[in-house]
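Peer 1: make a model of this:
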Amino acid sequence: MLINYHRPCPWLRSRINILLLIIFLGVGAIFTSLGCAQREKELFIFCGRGLKGPMDDIKKAFEKNHRITINVIYAGSGNLLETIRATGGGDIFFSGSTDYIKETGDLVSRHQFVALHEPGVCIHKDNPKQIYSFADLAAHGVKLGIANNHMCGLGSISEKIIASSELKEALVKNIIIKVSTINELIVLCKKKELDAAIIWKDMLSWPEAKKLKKISIPSDINIAKEIRVAVLSASKDKKLAGLFADFVTSEGKAIFAEHGFSTKPEMDSEKST
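Peer 2: As a prediction, the model looks like this:
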């Protein structure tokens, strides 16, 4: 049975509501502290959970070089976009997919290319289902997981990849869950509750994924996504926010490369308009 977070059963709906509540409360608490503490310079950043590795390093480097405090909330890009709309605050939106940047409309004043996200398939290193290629995901009994296309940038990409495959029908039948963040897919594969999942391939370098290994998606159906850093129109200090965005697209690119990302745009990636 497919568990889809877009049309969740009651306990899943509660889980989503709790997640959103935590995000909203976290945002409210930080905005309140900004007014009370009267710190000299701070930035508030909404960042896709799949970018946490490089973002943590960029945060440290920027704070050290510029003596500025960076506050970051990590979550699925879809949830972050809804939070931006609901709060009307923040300085930077850092999404792993251009789809969400395109949906921001006038919420964003400018955005810049940073790196590419390339999907891959993860499986457990102990692989009893004998999965060695993308085609093996279509075998009977394989439990496949993907991201929810309403909550995570990789969701719609995964669906497009599957729709482009000659094995589409069998692959769709094998999808048993759609989750709100890619981290959940990693955990489920690690626990062997899933046999395979479509994730961002750079995430296999994370400590949490050390028991997992990668299977490549055929290049003729794979889709690379552009990661872009966007300055929010609501920013109270666009000059400072722009300084951070420029830092990400200069020194920050080397950090992304260290985390396994390509920092050169490719013709087959989906471009931002």
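
Peer 1: burial of residue 142, as a residue count?
Peer 2: Neighbours of residue 142 under the rule other Cβ atoms under 10 Å: 21. For glycine as for every other residue, the C-beta is placed from the backbone atoms N, C-alpha and C.

Peer 1: mind checking what secondary structure it has?
Peer 2: Classification of residue 142 using DSSP: H, G, I helix; E, B strand; the rest coil returns coil.

Peer 1: quick one: pLDDT of it?
Peer 2: For residue 142, the pLDDT comes out at 97.

Peer 1: contacting residues around it?
Peer 2: Each residue near residue 142 by Cβ atoms under 8 Å, 6 or more residues apart in numbering is listed here: 129, 131, 136, 174, 195-196.

Peer 1: top of those residues by neighbour count?
Peer 2: Result: residue 196 is most packed of the contacts of residue 142 (other Cβ under 10 Å), 25 neighbours.

Peer 1: partner residues bridging that residue?
Peer 2: The residues paired with residue 196 through beta bridges, assigned by DSSP bridges, are residue 123, residue 144.

Peer 1: wait, it touches residue 146, no?
Peer 2: No - taking Cβ atoms under 8 Å as the definition, residue 196 is not a contact partner of residue 146, at 9.8 Å.

Peer 1: what distance do you get for residue 82 to residue 238?
Peer 2: 23 Å (Cβ to Cβ, to the nearest Å).

Peer 1: could you look up the SS state of residue 100?
Peer 2: Counting by three-state DSSP, the backbone at residue 100 sits in helix.

Peer 1: quick check: neighbours shared by residue 196 and residue 146?
Peer 2: Taking Cβ under 8 Å, 6+ apart as the contact rule, residue 196 and residue 146 have no neighbour in common.
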